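Trainee: One predicted model, sequence on top.
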Amino acid sequence: MTMWVLLLCLATTAPDLSVDIVGNETLLERVLLAELEFWLEDLRTNPLDEGARDDVAYELTQIYRERGFPKATVTSKSTTKGGTTEVVFTVVEGPRRLLGELTFDGAAHFDAKTLQNAFQWQRDGVFKAFGQGPIVFSDEVLEAGCVGVRLLYRLDGFRDVATEVALTERDKGDRITVDVLVKVTQGRRYRVRDVVINVFPIPPGLREACGVTNNDVFTPRMPVEVAQRVQRFLADRGYFSATADAEPLITDAAVDLHVRFDTGPLATIDSIVVQGNNRTSEHWVRRHLSFSVGDLFSKTEFEKSRSALLRSGLFRNARVTGKPVDGTSNRLDVEVELDEKDAIRTSFRIGFGSYELGRVGVEVLHQNLFGYGLYGRARARASFRGEEVNTTLRVPLVAGRRLFFSIDGGYRRFEEPSFVRQEVKGTAAISGVLPWDVRARTGYEVRDETILDAEASIPAELREDSRSAVLFVSGTRDTRDPILDPSSGTMTHLRIEVADAALGSELDFVRVTGRFSYVLTLIGDVKLSLNARAGVIRPTQSIEIPLGERFFLGGARSHRAFRESELGPKDGDGESIGGEAFAIGNVELRFPIWKSFYGAAFFDAATLTDDVADLGREGDSYGAGGGLMWMTPIGPLRGDIGFNLDPKSGEDHWVIHVLLGHPF
């Protein structure tokens, strides 16, 4: 019995399908098959079904006609050999219709370029991505464009506008060029003669709230917009159940806008109920509401309160709604419904670099400490070159965390090539977001720098431990997107520090550091990345700046023709001692190679001097090279080789770097 069932299944199984398209001189077969995929499914299920075959032929005909081949025809034929059915679709393309000139007659109000933008013509050819190549004529695009032209006019007061199209075809054998003339009858432009309010007495300020004055251009949406403004005006003055409407009365080209409304009774807030605050203090929630029990209802205050709750970052959603108390129309019960985010988040990070080798990190974030929206973070990181621990407590000073006070503390130990840096620091600062999304920060910071295991050849005054107490201000604006592998945007950063004995500092100096990065996509997935950094530390007393406060350059994230911190001033034994001023620029071109693999070509230039006065006088260091990167879910894993274009005595001619992430 089983054998007979198997034989029956084999006998009724649909044969394999082979599809070919011939005669397609203009459009690629693989492109056509991709667009026909949905219709080919039925044909694959039953290759002998003539109806399914005709459906594919019809859709193929439509594809050609949409691409400017109005006379295209498609025929089909199928043959079966063995277990395979071969279906061949034969295309006769015919001449192609291309757009010649698009002109307008009678369109005095708008210029031709504005009207041409209403027509979404499609280009063809290998250069279509650059806005070049022939423009395909399409009846559908022509019709939609005329609708767009009429809409432009109506939105600017021309209610009676009409369009008429005249086509002139020029047959050039393999193609037909179509010249389009759009005749526009503008008609009269309608304007508001008066706003008539049909309810008395008129509340003070209501007429201004309509947002319309005499002689304004009348648009189709104006009555709806005026009614909404009037209703909003009344809702902000305690009228919870207010309704309004506006009706235009047209005489010739003048419009009288008649406004009617019903205020209903004034409504006051009788109670406020907070729901969904499982972890957040109700007192904290009520403090972020801009209304209280006994206040008149105000729609604006409801919206401001909802916005403040969402900006706090504690909630996925927040709703502030009012409903009349049972049996009344002048008292409201207000419900504040909250959907809280998870308060605690833990993240783990891994990385790799040629100098640090492997590194791991963990971060624990609590964004609602004690239920009062306090932000706490603890972070630890370790590598083969050192370890680091930081803690942060941030206290919002205003609703929405646009301004907050923070206390930071941290410990860091890191092995530089010629010494070990050990740092303990604490910071108290005020941070906020300024216009144009500039993140600003100012505060007081104390750093204890301890120098360990320094090479004996380094001057003793540079190996001294130090305490720096500084006042600082910084600003950052970052528009790069996305963060892991940006394709566009800029990042600008500036920080100024002043250290003085009056602040408790053992050192007296002024330090300024800045950075600018720019990423743009050139074509396809080819990206150009530019980076510039500079810094100066200037002693305000005649002192040496110790190692812990000096600048170091060289490595996978700065100048790639040098090993870590090996660029710049050296002591008598060739050990790096850093400098007091630097400038560095990087240019990198990133381009796809195959699937998730990309290549890079770069040029790096930098200067690091031992004294501020020598900046710009001593020679620059130049490097160039290339790299290969593999795009992983956690960022690019890349290997770079940098060549020193002018190696000096003791410097490497080339260096290899391995890095997880982009260098800048």
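Mentor: Structure's in. What do you need?

Trainee: Tell me, what's the model's pLDDT at Gly131?
Mentor: Per-residue pLDDT puts Gly131 at 69.

Trainee: how long is stretch 151-168 from one end to the other?
Mentor: 25 Å (C-alpha to C-alpha, to the nearest Å).

Trainee: Now that stretch: average pLDDT?
Mentor: Mean predicted lDDT for stretch 151-168 stands at 94.

Trainee: which stretches of the stretch 351-500 of the chain have low pLDDT?
Mentor: 399-401, 484 (pLDDT under 70).

Trainee: show me where it has strands.
Mentor: Using DSSP state E, counting those that start in this stretch, the strands found in the stretch 351-500 of the chain span residues 357-369, 374-383, 386-396, 403-415, 420-434, 438-452, 466-478, 489-499.

Trainee: Which residues does the shortest one contact?
Mentor: Looking back up the chat, that one is strand 374-383. 349, 351, 353, 356-369, 387-396, 401, 404 (C-beta atoms under 8 Å, 6 or more residues apart in numbering). All C-beta atoms are positioned from the backbone trio N, CA, C, and that covers glycine.

Trainee: cool, and the fifth one?
Mentor: Strand 420-434 has contacts (C-beta under 8 Å, 6+ apart) with 386, 394, 397, 402-415, 439-454, 472, 475, 547-548.

Trainee: What subset of those is buried?
Mentor: 386, 394, 404, 406, 408, 410, 412-413, 415, 440-441, 443, 445-449, 451, 454, 472, 475, 547-548 (16 or more other C-beta atoms under 10 Å).

Trainee: related to what we said a few turns ago, which one, of the strands of the stretch 351-500 of the chain, ends up nearest to Cys210?
Mentor: Comparison of these against Cys210 by C-beta to C-beta identifies strand 420-434 as nearest, at 34.9 Å.

Trainee: Run me through the strand neighbours of that closest one, direction for each.
Mentor: For strand 420-434, the paired strands and their directions (DSSP bridges) read strand 403-415 (antiparallel), strand 438-452 (antiparallel).

Trainee: Taking strand 489-499 as reference, get the angle to the last one.
Mentor: If I follow you right, that is strand 438-452. 50 degrees (axes from the mean of the first three to the mean of the last three C-alpha atoms, to 10 degrees).

Trainee: Alpha carbons of strand 438-452, as PDB, please.
Mentor: Extracted in PDB, the C-alpha atoms of strand 438-452 (Å, rounded to 0.1, in the frame of the first residue of the first chain):
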ATOM      1  CA  VAL A 438      24.900  71.200  22.000                       C
ATOM      2  CA  ARG A 439      25.700  69.200  25.200                       C
ATOM      3  CA  ALA A 440      27.400  71.500  27.600                       C
ATOM      4  CA  ARG A 441      29.100  70.800  30.900                       C
ATOM      5  CA  THR A 442      30.900  72.900  33.500                       C
ATOM      6  CA  GLY A 443      32.300  72.000  36.900                       C
ATOM      7  CA  TYR A 444      35.200  71.300  39.300                       C
ATOM      8  CA  GLU A 445      37.500  68.300  39.000                       C
ATOM      9  CA  VAL A 446      40.300  67.000  41.100                       C
ATOM     10  CA  ARG A 447      42.900  64.500  39.700                       C
ATOM     11  CA  ASP A 448      45.600  62.800  41.700                       C
ATOM     12  CA  GLU A 449      48.200  61.500  39.200                       C
ATOM     13  CA  THR A 450      50.800  58.900  40.400                       C
ATOM     14  CA  ILE A 451      53.700  57.900  38.100                       C
ATOM     15  CA  LEU A 452      55.000  54.400  38.600                       C
END
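
Trainee: Distance from the chain centre to that strand, please.
Mentor: Relative to its chain's centre, strand 438-452 lies at 30 Å (C-alpha atoms, centre = their mean, to the nearest Å).

Trainee: Domain boundaries for this protein, per the record?
Mentor: 11-92, 96-185, 191-262, 268-340, 447-660 (automatic domain parsing).

Trainee: Only the buried residues of stretch 239-249, if you could.
Mentor: Tyr239, Phe240, Ala242, Ala244, Ala246, Pro248.

Trainee: do stretch 146-160 as well
Mentor: Result for stretch 146-160 [16+ other C-beta under 10 Å]: buried residues Cys146, Gly148, Val149, Arg150, Leu152, Tyr153, Arg154, Asp156, Gly157, Phe158, Arg159.

Trainee: How far off centre is that stretch?
Mentor: Per C-alpha atoms, centre = their mean, the centroid offset for stretch 146-160 relative to its chain is 34 Å.

Trainee: How about the contacts made by the residue most central in space within the chain?
Mentor: The residue lying closest to the centre of the chain (C-alpha atoms, centre = their mean) is Asp481, at 4.8 Å. Neighbour list for Asp481: Ser487, Ser488, Gly489 [criterion: C-beta under 8 Å, 6+ apart].

Trainee: okay, those residues in a markdown table with distance to Arg287 next?
Mentor: Output for these, formatted as a markdown table (distance: C-beta to C-beta, whole Å):
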| residue | distance to Arg287 |
| --- | --- |
| Ser487 | 42 |
| Ser488 | 40 |
| Gly489 | 36 |
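
Trainee: In ChimeraX, how would I select just the buried ones from those residues?
Mentor: In ChimeraX syntax, the buried subset of those is picked out as below (16+ other C-beta under 10 Å):
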select :489
